[in-house]
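Asker: Sequence below, structure please.
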Amino acid sequence: MLNQKLALYAVLLEIGAWNGGRLFEGNSDAVLAWYLLVHAGASALLALAAILLLPSDTARPRLPVLLLMAGCSYAVPVAGFIGVIGGTLYLRFFHSKAPVQAFDSVQLPVFDPHQRPNASFRQAGMRSFLGNSEAPMQARIGAMVALQYVSGRVSSPLLRDVLTDPSEDIRLLAYGMLDNQEKRINHSIDEELKVLSNETPEESSESRDAKRLAATHRLSDLYWELIYQELVQGDLRLYAISESSRYCQQVLDHDPDNAALNLRQGRLLHALGEHDAAEQAYLRARDLGLPATRILPYLAELRFELRDFAGAQRLMAELANWGSLPRLRPIIDYWNPK
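Answerer: Numbering: from 1, shown residues only. All right, here's what the predicted structure looks like:
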């Protein structure tokens, strides 16, 4: 209602502005002053009426729009006045809003059930990026350099994947980083061997035995790292397995109830082909409280290698009751068809 009154007052003032000649006959200066003053008021009222009529999405920012309409109607007599009225009516009644675009259908990304549920997404993304020969060389090299701050258990498989990369720079960098990891572990092995060989007469036998036991434990860990990170191959790998197993057994002789070491000893004996001893170590680890999900896959693998397929299927059926094994799910489903 207010906008209609303002528009009516604006039109009446504009008509009054053009009738100034009748009020001031023979005085042209007075007529001009009257017109400019009344026309300014009419333009201001018209702009106020128009800003109230405009849709909210076209009347912003309000002050600049208000000044623009007032200036147009004031600067262009009659035509500007009529133009502001016509434009306002058009935007008010005939201007349609922009059509709302329908959402496009986007396919879901492919989910790899073999990935780990935690950090494997980043690992898988890094693997695909490093293996992409079309990616910028500097970006790939930067990603490889960043792997030196990542655990060797994560970085070693990624670096090994690019050893056959077409780029010589990438291959040399991967070889160098893997070699540095191997040298670092071998240096730690040498340090622990020195601890075993050192005899300090002034030390008590208990203190000396404790240090030797700790060094033996670390030696088993270090040789296991060489195997786990695949930093050794062929005969060197067999040597690392036998050494890790030997030191692991020495620790177990002092601490037979260490469940994690029993599991490791089972895996080492398994790799050496000592199936009976490996099975005993696996069962011992399970009896000591390790979750079945950590033991049963190795027991099933052992049964399979012994061609005890019924035993392997029985163990896989037991694994089927666990829902937190995404990497093993395809194998479990194969052995337990529904």
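
Asker: tell me which helix or strand of the protein sits lowest on mean pLDDT?
Answerer: Every helix and strand of the chain was ranked by mean pLDDT, DSSP states H and E. The lowest is helix 20-23, at a mean of 59.

Asker: List the buried residues in stretch 281-292.
Answerer: Buried residues in stretch 281-292, counted by 16 or more other CB atoms under 10 Å: 281-282, 284-286, 290. C-beta here means a position set from N, CA and C on the backbone, and glycine is covered the same way.

Asker: what would those residues look like in CSV with pLDDT, secondary structure and distance to I170?
Answerer: Below are those laid out as CSV (pLDDT from 0 to 100; DSSP: H, G, I helix; E, B strand; the rest coil; distance: CB to CB, whole Å):
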residue, pLDDT, secondary structure, distance to I170
A281, 94, helix, 40
Y282, 93, helix, 40
R284, 93, helix, 45
A285, 92, helix, 40
R286, 91, helix, 43
L290, 88, coil, 40
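
Asker: Looking at these, which is nearest F94?
Answerer: Closest to F94 out of these is L290 (76.5 Å), distances taken as CB to CB.

Asker: The closest one contacts L263, correct?
Answerer: Yes: in this structure, L290 is within contact of L263 by CB atoms under 8 Å, at 6.0 Å.

Asker: closest to A70 among the buried residues of stretch 281-292?
Answerer: The closest of those to A70 turns out to be L290 (CB to CB; 82.8 Å).

Asker: who are the neighbours in contact with the closest residue to that closest one other than its chain neighbours?
Answerer: Nearest in space to L290, with sequence neighbours left out and distances taken as CB to CB, 6 or more residues apart in numbering, is A259 at 4.8 Å. Contact analysis of A259 by CB atoms under 8 Å, 6 or more residues apart in numbering lists 285, 288-290.

Asker: Assign the residue lying closest to R284 once chain neighbours are set aside to helix, strand or coil.
Answerer: Once flanking residues are discounted, R284 sits nearest to N262: 4.7 Å by CB to CB, 6+ apart. At N262, secondary structure determined by DSSP: H, G, I helix; E, B strand; the rest coil is helix.

Asker: and if you look at V232?
Answerer: coil.

Asker: right, and it touches I241 too?
Answerer: No: checked against CB under 8 Å, the pair V232 and I241 is beyond contact range at 9.1 Å.
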